[in-house]
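In: Dropping a prediction and its sequence here:
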Amino acid sequence: MTDTTQNTGAVTPISSLHTLDARTKRRNAAENRFKLYGMIAIGIGLLMLVTLLTTILSKGTGAFTQTFVTMEVELLESKLDKSGERDLEKIKKVTTFGYAPLIKTAFEKTVEIHGIETDLKSKTMAKILSKSAASQLRNYVIANPDQIGQTIEFRFLANSRVDGYMKGRVTRDSIANDKNITPAQLDFVDQLIEAGALKKTFNIDFIIGADASDQRPEAAGIGVAMMGSLFMMLVVLALALPIGVAASIYLEEFAPKNWITDIIEVNISNLAAVPSIVFGILGLAVFINYMHLPQSAPLVGGLVLTLMTLPTIIISTRAALKAVPPSIRDAALGVGASKMQAVFHHVLPLAAPGILTGTIIGLAQALGETAPLLLIGMIGFIASNMPETVGEGLLSPNSAMPAQIYEWAKRADPAFYERAWGGIIILLIFLISMNTLAVLLRRRFERRW
Amino acid sequence: MSVKLTASALAIAAVAATSAAARDQVQVAGSSTVLPYASIVAEAFGENFDFPTPVVESGGSSAGLKRFCEGVGENTIDVANASRKIKDKEIKACAEAGVTDIIEVRIGYDGIVFASDINGNGFEYTPSDWFLALSNEILVDGQMVANPNKTWADVNANFPAQALQAFIPGTKHGTREVFEDKVILAGCEATGAFDVLLAAAEGDTDKAKHKAAEKACISLRTDGVSVDIDGDYTETLARIESNKDGIGVFGLAFYENNTDKLQVATMSGIVPSTESIATGEYPVSRPLYFYVKKAHIGVIPGLKEYAEFFIADEIAGEDGPLAEYGLVSDPELADTQNAVADEAVLGSNM
């Protein structure tokens, strides 16, 4: 082989750097091709991102607005407080079912006030409202028992079909076989729009409210699940950060290099690759069945996610510590600092931005995790109230944002589907802001040597 | 410093939780068919009572009953929802774990419907059609042969030549058993395959032979025509939306919420509706249940109230919210109400 090349080399004229020979051309072409592949790869990635974002935004923004019906309701004493004593215990005896007649009467009045002509019975009219209307009334009356007997203006949610009609999801064609709404009711809705009593406006309850049952998707909100996620993240931060940093500092700065530390190191790397559902099973077995911690509690969720996040934090912290040049340590030791002083006064502050970045990314990962929560009872219909104390937030049953999204996506009413996409938008806002914070911290504080 | 404080606060909270873990909300798990009903009840319960809203998880009847039978104590669930009756095997497993007194509550009936894409072909099925479409072996000229059918036209000459594709609930769902019992097995008997299988069945007793024949009847083909859906009905719907030839098995309530995407098939000439199920005309319906651990009554606050509220006339009655959502109310609701009030357990008088 070498012979032939030598021979041909001898025959061909001496090559010049100005004229490209065939081989250089091939190499240049290969390089150009590779650049093209790279650009195509980036293009595909960007295309996916754009498709994803447009899908999420187009499907999810609807969840942030909701249709409301404004009307005046007379809080009849004869229905709500027969005795007239304003005894809260007696008022509470009237269940939400007892409030339905008030709403029917209110509809008859509304029709009268706005001069709407309709053949619908008041019961049929009342069906365009959400099932949450009665409980909204009841909560108001229980909070303000002194207002029984007065007429008060309320803003009720319209039911999901009417809301779908306002958002274009429901049309007169699509409801042909639907027993939940009739064209006559849609005509009535049109009349209410004209009269100004029915409007689609921004719905804060989606962001701060609790989950609702299958019968009232319009009332469901992600707020309580957001608190659940927040408390889990608090647990993760409070446990994973100190444990992770302590473990990394010991392993990196103090531990002798021998086979035991090698095994630990390999196992930490392995742990980072363990599927998250495994941590869920572990959580169920250890925290709930053995330690008897409550089911569906963010505390348990946080503990499980701590296990999951720990390896990520340890690995990134060790990388950050390694990146601090040995000269810093040597200098500190050289002027007489103890090893611990060298680490805590000099190495750790310099590694802090890297540690924080790793922690934030670990938290963001934990925030989006659903699988381990499945086994500890955090996925399901969990319509708790907003927690009032830290203890309640940690221990009372709650869901988490990704769990809530998953739960909504599998419910029958298409209105829940819209809310699932809306929930994704909120979750993404959280993730993007956390990652941005990580990038900013790194930009601002990171030092390079 | 603050981090340390939070950590210690957490530790205290954890200790407090272990020592005085008086759970104050009812914990429910089980059938995804019962889930919507249970969530409606749980919500109304939380609104109208001073107890917190119960937590309702899904996962399937079998999964729920398995968790139910894990034992007695606050870290186990109080109520299991099921779209089928509890099995003797499960009662035994429960008893072994110390769960002996179980209150069975029937909440009403639910229909199983067959639905396909709204723009596709409509179907009028009989159980025989489904047996011929999905069974592993069918009867041809007196012989059991591997199912050769490829299109609905092969199954029944009146049907269009649409490729066979069925999405049926996976084995962890109670719906699957009803589908096997009331559709596949009924079709097996109607086509005469059952008798042939029974004659060929091996077994010492008639009962064993019967069982073997039934088992052979309900073994479904595994060539991809019948696809098990382990998730919820939304997954079945998504499959049908991507494969327009698919026919899916749904609960009546799910279909009624998605009438803009699905058309329902008749079974033996009857259109499924709450009325036709209530009268018993529509053949594929089943009772829905929930099971309560008696040992938890009095320990978990609100448990008995929840059970009683679930089957109260204003909830589970004919005009209640459950019926409105798609549940066929139980004509014997009053008996169930009495049984729950008396805390009658399985095996005592039922």
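Out: Nice, I can see it. Every value quoted in this text rests on a predicted model; they were computed, and no experiment measured them.

In: Distance check, A:Asp146 against chain B.
Out: Between A:Asp146 and chain B the distance is 21 Å, computed by CB to the nearest CB, to the nearest Å. Quick note: C-beta positions are derived from backbone N, CA and C, even for glycine.

In: pretty sure B:Glu57 is touching A:Ile376, no?
Out: No. B:Glu57 is beyond contact range of A:Ile376, at 10.3 Å (criterion: CB atoms under 8 Å).

In: who touches stretch B:305-318?
Out: A:95, A:97, B:26, B:38, B:41-42, B:44-45, B:48-49, B:51, B:54, B:79, B:103, B:105, B:107-108, B:290, B:292, B:320-323, B:327, B:329-330, B:333, B:336-337, B:340-341 (CB atoms under 8 Å, 6 or more residues apart in numbering or on different chains).

In: low-confidence ranges in the chain?
Out: As the question left the chain open, I've gone with chain A. Scanning chain A for pLDDT under 70 picks out the ranges A:1-15, A:449.

In: Actually, chain B is the one I wanted.
Out: Scanning chain B for pLDDT under 70 picks out B:1-22, B:348-350.

In: dump the residue contacts of the residue nearest to the spatial centre of it.
Out: The residue lying closest to the centre of chain B (CA atoms, centre = their mean) is B:Ser83, at 3.0 Å. By CB under 8 Å, 6+ apart, the contact set of B:Ser83 is B:Ser31, B:Thr33, B:Val34, B:Ser61, B:Asp110, B:His173, B:Gly174, B:Thr175, B:Val178, B:Arg286, B:Leu288, B:Tyr289.

In: Selecting buried members of those residues in ChimeraX, what would you type?
Out: Burial among the contacts of B:Ser83 is assessed by 16 or more other CB atoms under 10 Å in any protein chain shown; the matching ChimeraX selection reads:
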select /B:31,33,34,61,110,173,174,175,178,286,288,289
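
In: From the contacts of B:Ser83, which land in helices?
Out: Counting by DSSP state H, the part of the contacts of B:Ser83 found in helices is B:Ser61, B:Gly174, B:Thr175, B:Val178.

In: Among the residues you listed, which one sits closest to chain A?
Out: When these are ranked by distance to chain A (CB to the nearest CB), B:Thr175 comes first, at 14.0 Å.

In: What is the most widely separated pair among the ones in helices among the contacts of B:Ser83?
Out: B:Ser61 and B:Val178 (10.4 Å; CB to CB).

In: joint contacts of those two?
Out: B:Ser83, B:Arg84.

In: any idea which element the residue lying closest to A:Met125 once chain neighbours are set aside lies in?
Out: Closest residue to A:Met125 apart from its sequence neighbours, by CB to CB, 6 or more residues apart in numbering or on different chains: A:Phe107 at 4.3 Å. For A:Phe107, the element it lies in under DSSP states H and E is helix A:100-114.

In: list the buried ones in that helix?
Out: Quick answer for helix A:100-114 (16+ other CB under 10 Å): A:Ala100, A:Pro101, A:Leu102, A:Ile103, A:Thr105, A:Ala106, A:Phe107, A:Lys109, A:Thr110, A:Val111.

In: Same check on stretch B:90-98?
Out: Per 16+ other CB under 10 Å, stretch B:90-98 contains these buried residues: B:Glu90, B:Ile91, B:Ala93, B:Cys94.

In: CA atoms of that stretch as CSV?
Out: The C-alpha coordinates for stretch B:90-98 follow below in CSV (Å, rounded to 0.1, in the frame of the first residue of the first chain):
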residue,chain,number,x,y,z
GLU,B,90,-60.4,-11.4,47.8
ILE,B,91,-62.5,-11.9,50.9
LYS,B,92,-60.1,-14.6,51.9
ALA,B,93,-57.1,-12.4,51.3
CYS,B,94,-58.8,-9.7,53.3
ALA,B,95,-59.5,-12.0,56.2
GLU,B,96,-55.9,-13.2,56.2
ALA,B,97,-54.7,-9.6,56.6
GLY,B,98,-57.2,-9.0,59.4
